[in-house]
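Q: Build me a model:
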Amino acid sequence: MSRSALWRQESNVKGRQREAEELFERAVEEGRNTRQKNLLKLWGPDDSFHFNPMLLQNIIKSNYFQKCCRDITDWNTLVDEIYYQVKHLQPWAAGSNKEPSTAFCLLLRLLTLRCTEKQMQLLLDHSDSPYIRAIGFLYLRYAGDPKTVWNWIEPYVYDEEPVQVEASASKRKETIGDFVRMLYGNRNNYHGTLLPRLPIQIEREIQVKLLQAEKIEQRAQKHLTDRKTMDYFKKLGSKCQALYGDEENPLTWYDAVIDRVVTTNEKTMEPLRAPKFVVHFPEYGNTETVSLGEMEMPGRNTDDAPVRGGFSERENDRNYSRDSRRDSGRGYSGGGRGYNDSSRDSRGSRDDRGYRDDRGYRGNRDTSSRRDDDRWERDRGSGRPRHGGAGMPSEDDLYEEVRRRERDTVAASSRSQYSRRPPTAKESLSKHHYRESEREYAPPTHRAPPRDAQQRSVKESEAPAPRKRSPEEIQAIQAKKRKLMAKYG
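A: Predicted coordinates for the structure are as follows:
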């Protein structure tokens with residue numbers, strides 16, 4: 001190829017790159033000037049969206065992303081494109097480390113279009129494809145406000161819908177819950193690219209809440225395997241203990257009474273994996289919808305200390321035996337009743353429950369000393385433990401568990417070199433050669449050489465010098481070189 005052709009080819013490549021960058025800049029500017037209402041607040045830069053620079057440049061230069069910028073101009077069209085084109089959730093296409101995947105091309109296009117709160121909720125609850133939901137979670141991970149992101153992901157931490165995360169079809173599928181927990185775990189490496197680092201305090205708070213959700217899930221699984229406990233919970237009017245917590249009060253056990261059993265999802269009308277329960281707290285009069293893992297049999301979660309409200313053991317046993325003789329199906333077969341509010345709404349807003357400042361809950365840590373003294377007197381009189389029972393660790397214990405897991409992760413990553421595949425002969429030779437060259441050019445140290453090295457250097461210095469060639473031998477060698485040059489050019 002001639003030099004002028006190479007110049008033309010290089011100028012064409014630069015022209016295509018310039019057009020791709022201009023197309024991306026126009027898409028970003030359109031997103032900045034959008035007039036949609038209730039837009040989700042973006043966290044961080046609104047032109048790179050915390051993407052890895054190499055991944056971002058490869059997406060901008062890809063033909064598929066440029067096609068998306070030209071053809072996809074609204075949210076509905078983009079959701080349809082996700083439904084038809086996305087087959088996995090890795091950032092790179094299958095078998096390539098330069099070609100971006102369709103999932104991340106569409107994720108970047110969604111970030112340039114912006115997303116409203118209603119659209120985000122529709123993404124997370126979409127029933128047509130798990131990849132539509134996963135793109136929504138990736139949107140929140142890259143550009144969602146860390147202060148409010150937990151309200152979005154909390155209901156889906158243990159969602160069981162399967163999804164193919166890795167590009168290889170031979171890899172097993174994961175659940176949406178596994179995917180969400182992986183995005184907000186203590187590792188920022190996501191299949192060859194780095195996720196944006198959250199503020200350290202918010203990151204630990206999210207991990208503490210994930211740990212709380214893990215313990216609640218373990219308790220729910222334990223209840224599901226205990227038929228006697230499930231039969232007791234199915235009886236309306238049964239007394240139990242339920243967890244409650246909000247922004248001002250830590251998650252704590254309180255006495256409650258079961259009002260209704262929820263077995264189906266009101267939105268999709270599909271049966272729930274585990275039933276939910278509408279309970280009311282007799283001491284305060286408010287009503288909550290709690291999951292199976294947020295309930296416990298009376299008296300089982302404390303260490304020789306009655307919970308606030310003080311249901312006696314004799315009364316609990318009498319209610320349990322009396323309820324067990326009744327019809328076991330009462331109140332549980334009404335699957336069509338459904339639950340009337342989503343988990344995020346029921347946990348995200350606490351304004352309509354009629355609480356008062358003097359309701360006797362544990363207050364925030366920075367309240368006045370008078371309220372602390374009053375609350376201590378009430379707790380001491382009722383025998384209530386300050387940090388809940390043994391069934392739910394305190395926040396300090398959970399923070400310590402999060403820190404311990406962080407240390408274990410760092411230690412495991414530093415020890416990973418011991419579990420690697422042994423090097424081949426070629427790799428070991430190359431490493432040996434590299435180390436020898438390093439040793440040869442290493443700066444001198446002040447440490448004295450070992451005794452055997454000194455003896456070896458003395459022997460080398462005493463070795464005879466190489467023999468010099470005579471003039472006849474040199475002439476013979478030059479004549480041989482001239483013959484070879486004359487014969488072979």
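Q: Can you check which helix is longest in the protein?
A: Using DSSP state H, we find that the single longest helix of the chain is helix 3-32.
Q: I'd like the average pLDDT over it.
A: Averaging pLDDT along helix 3-32 gives 85.
Q: counting contacts, what elements does it pack onto?
A: Where contact means 3 or more C-beta pairs under 8 Å, 6 or more residues apart in numbering; DSSP states H and E, helix 3-32 is packed against helix 53-61, helix 63-71, helix 102-113. Quick note: C-beta positions are derived from backbone N, CA and C, even for glycine.
Q: any chance of the ones you listed in a markdown table, plus mean neighbour count?
A: Output for those, formatted as a markdown table (neighbours: other C-beta atoms under 10 Å):
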| stretch | mean neighbour count |
| --- | --- |
| helix 53-61 | 17 |
| helix 63-71 | 17 |
| helix 102-113 | 24 |
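Q: Of those helices, which is nearest residue 129?
A: Nearest to residue 129, of all the helices and strands packed on helix 3-32, is helix 102-113, at 11.5 Å by C-beta to C-beta.
Q: and the angle for the closest one with helix 63-71?
A: Orientation check (axes from the mean of the first three to the mean of the last three C-alpha atoms, to 10 degrees): helix 102-113 against helix 63-71 gives 30 degrees.
Q: Let's see helix 102-113 as CSV, backbone CA atoms only.
A: Extracted C-alpha coordinates of helix 102-113, given in CSV (Å, rounded to 0.1, in the frame of the first residue of the first chain):
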residue,chain,number,x,y,z
THR,A,102,-25.1,-4.7,23.7
ALA,A,103,-26.1,-4.5,27.3
PHE,A,104,-23.5,-1.7,28.1
CYS,A,105,-24.2,0.1,24.9
LEU,A,106,-27.8,0.3,25.8
LEU,A,107,-27.0,1.2,29.4
LEU,A,108,-24.9,4.2,28.2
ARG,A,109,-27.7,5.2,25.8
LEU,A,110,-30.2,5.0,28.7
LEU,A,111,-27.9,7.2,30.8
THR,A,112,-27.8,9.8,28.1
LEU,A,113,-31.6,9.8,27.7
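Q: List the contacts of the following helix or strand past that helix.
A: Sequence-wise, the next helix or strand downstream of helix 102-113 (DSSP states H and E) is helix 117-124. With contact meaning C-beta atoms under 8 Å, 6 or more residues apart in numbering, helix 117-124 is reached by 38-40, 75, 79, 115, 132-133, 135-137, 139-140, 152, 156.
Q: which pair in those residues spans the largest distance?
A: Longest span within the contacts of helix 117-124, C-beta to C-beta: 39 and 156, 21.7 Å.
Q: Which one of the contacts of helix 117-124 sits in the busiest neighbourhood?
A: With neighbours defined as other C-beta atoms under 10 Å, the most crowded of the contacts of helix 117-124 is residue 136; it has 27 neighbours.
Q: How about that one: what's its closest non-neighbour residue?
A: Among residues not flanking residue 136 along the chain, residue 123 sits closest, at 3.3 Å (C-beta to C-beta, 6 or more residues apart in numbering).
Q: Per-residue pLDDT of that neighbour, please?
A: Residue 123 is assigned 95 on the pLDDT scale.
Q: how near is it to residue 131?
A: According to C-beta to C-beta, to the nearest Å, residue 123 and residue 131 sit 10 Å apart.
Q: hang on, the earlier thing: need the helices and strands packed on helix 3-32 in TSV with mean pLDDT, can you?
A: Shown next, in TSV, are those (pLDDT from 0 to 100):
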stretch	mean pLDDT
helix 53-61	93
helix 63-71	94
helix 102-113	96
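Q: And these: which comes nearest residue 10?
A: In terms of C-beta to C-beta, the element of the helices and strands packed on helix 3-32 nearest to residue 10 is helix 53-61, at 15.2 Å.
Q: what helices or strands is that closest one leaning on?
A: helix 3-32, helix 102-113.
Q: who touches the residue lying closest to residue 138 once chain neighbours are set aside in this structure?
A: Nearest residue to residue 138 in three dimensions, chain neighbours excluded: residue 107, at 5.3 Å (C-beta to C-beta, 6+ apart). Residue 107 makes contacts with 135, 138-139, 142, as judged by C-beta under 8 Å, 6+ apart.
Q: Closest one to residue 49 out of these, please.
A: Of all the contacts of residue 107, residue 142 has the smallest distance to residue 49: 5.4 Å, by C-beta to C-beta.
Q: Just the element for that closest one, please.
A: Per DSSP H and E, residue 142 falls inside helix 130-143.
Q: And the contacts of that helix?
A: Residues outside helix 130-143 that contact it (C-beta under 8 Å, 6+ apart): 40, 42-44, 49-51, 79, 82-83, 86-87, 89, 103, 106-107, 110-111, 115, 120, 123-126, 149, 152-153, 156, 161-163, 165, 176, 179-180, 183-184, 195-196.
Q: quick one: buried residues of stretch 216-230?
A: By neighbour count on 16 or more other C-beta atoms under 10 Å, the buried set for stretch 216-230 is 216-217, 219-220, 223, 229-230.
Q: of all the helices and strands packed on helix 53-61, which lies closest to residue 236?
A: helix 102-113 (45.0 Å).
Q: Packing partners of the lengthiest strand in the chain?
A: Counting residues, the longest strand found in the chain (DSSP state E) is strand 252-264. Helices and strands touching strand 252-264, by 3+ C-beta pairs under 8 Å, 6+ apart, are strand 239-244, strand 271-280, strand 287-291.
Q: make it 6 Å
A: If contacts are counted by 3 or more C-beta pairs under 6 Å, 6 or more residues apart in numbering; DSSP states H and E, strand 252-264 sits against strand 239-244, strand 271-280.
Q: coming back round to it: which of the contacts of residue 107 sits closest to residue 188?
A: Set against residue 188, the nearest of the contacts of residue 107 by C-beta to C-beta is residue 142 (11.8 Å).
Q: Tell me how many other residues crowd the closest one.
A: By other C-beta under 10 Å, 21 other residues sit near residue 142.
Q: Give me the local confidence score for it.
A: Looking at residue 142, its pLDDT reads 96.
Q: Kindly state the pLDDT recorded for residue 308?
A: At residue 308, the predicted lDDT confidence score is 48.
Q: Could I get the phi/psi values of the closest residue to residue 198 other than its chain neighbours?
A: Spatial nearest neighbour of residue 198, excluding adjacent residues (C-beta to C-beta, 6+ apart): residue 146 at 5.0 Å. Main-chain dihedrals, residue 146, degrees, to the nearest 10: phi -60, psi -30.
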